[in-house]
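*Asks:* Sequence first, predicted coordinates after that:
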Amino acid sequence: MTNAAIKPWVEVVTLHPDVISEDFSEDIFALDLGPLADGQPNVPVVYRDAEHFFRASYITKGLRLLLEDVLSRISGGKGARVLKLLTPFGGGKSHTLAALYHATQKRSALNVIPEGKTLPECEKSRVAVFDGLFFDATNGKSVPGENFRVRTMWGWIALSLGGKQGYELLCQQDEARVAPGGDEILALLKDGPNMCSTT
């Protein structure tokens, strides 16, 4: 046992410039995956830009294992087909989902950090993000840049994964606000890797 004094954390840790900036706002820590996936410009650039996001993130052992599992599976290797993230409030679920989102949309962004360079390579995959906070149960959600509304979660997932052609596969069910059958789901998922997230 040593008698060495433990230094206060403020003498050991260097804070990120965002935290010590004069125009610091706690809102920057409030990440919503839905607006990020929708490409909304009001999402802070630290979350919106994939390379900026990974430079500002600390890749924990758990996050690295999750990224490795998902990227491996999407590229045709081993990995779980379905993952359920269990985190308490404030446990980093949104940050983890944003990391997965960016890694599957722009894998090269991971190369800006040493921990990311050895992760599996993969093609850009189709991603659907359904954020219930920004989806009206009565009126659905308007499609950015379009002049129609999607009525159900299934309609939104179909549009996200397959564009207008994907939406057409479930259009009747979406307008009638009923769940689609297995054949429609299989037709939607047949064209390669997919990642879906509901928050």
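*Replies:* That came through, no problem.
*Asks:* and the residue nearest to residue 143 when sequence neighbours are not counted, what is it in contact with?
*Replies:* Distances taken as CB to CB, 6 or more residues apart in numbering put residue 150 closest to residue 143, at 6.2 Å, once the chain neighbours are dropped. All C-beta spots, glycine's among them, are computed from the backbone N, C-alpha and C. Taking CB atoms under 8 Å, 6 or more residues apart in numbering, we find residue 150 in contact with 140, 141, 143, 156, 159, 167, 174.
*Asks:* In CSV, list these along with secondary structure, neighbour count and pLDDT.
*Replies:* As requested, these are exported to CSV (DSSP: H, G, I helix; E, B strand; the rest coil; neighbours: other CB atoms under 10 Å; pLDDT from 0 to 100):
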residue, secondary structure, neighbour count, pLDDT
140, strand, 19, 91
141, strand, 20, 92
143, coil, 17, 88
156, helix, 23, 93
159, helix, 23, 93
167, helix, 23, 92
174, helix, 24, 93
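*Asks:* closest to residue 66 among those residues?
*Replies:* Closest to residue 66 out of the contacts of residue 150 is residue 156 (24.2 Å), distances taken as CB to CB.
*Asks:* dump the residue contacts of the closest one.
*Replies:* Residue 156 sits next to 128, 130, 135, 140, 141, 150 when contact means CB under 8 Å, 6+ apart.
*Asks:* re the thing from before, what about the residue nearest to residue 143, distance to residue 166?
*Replies:* 11 Å (CB to CB, to the nearest Å).
*Asks:* tell me, what's touching these two both at once?
*Replies:* In contact with both residue 150 and residue 166: residue 159, using CB under 8 Å, 6+ apart.
*Asks:* Which parts of the chain are helices?
*Replies:* Assigned by DSSP state H, the chain shows helices spanning 9-12, 17-20, 33-38, 45-48, 50-56, 61-74, 93-105, 114-117, 153-176, 182-189.
*Asks:* what's the least confident stretch among those helices?
*Replies:* Among the helices of the chain, helix 17-20 carries the lowest mean pLDDT, a mean of 71.
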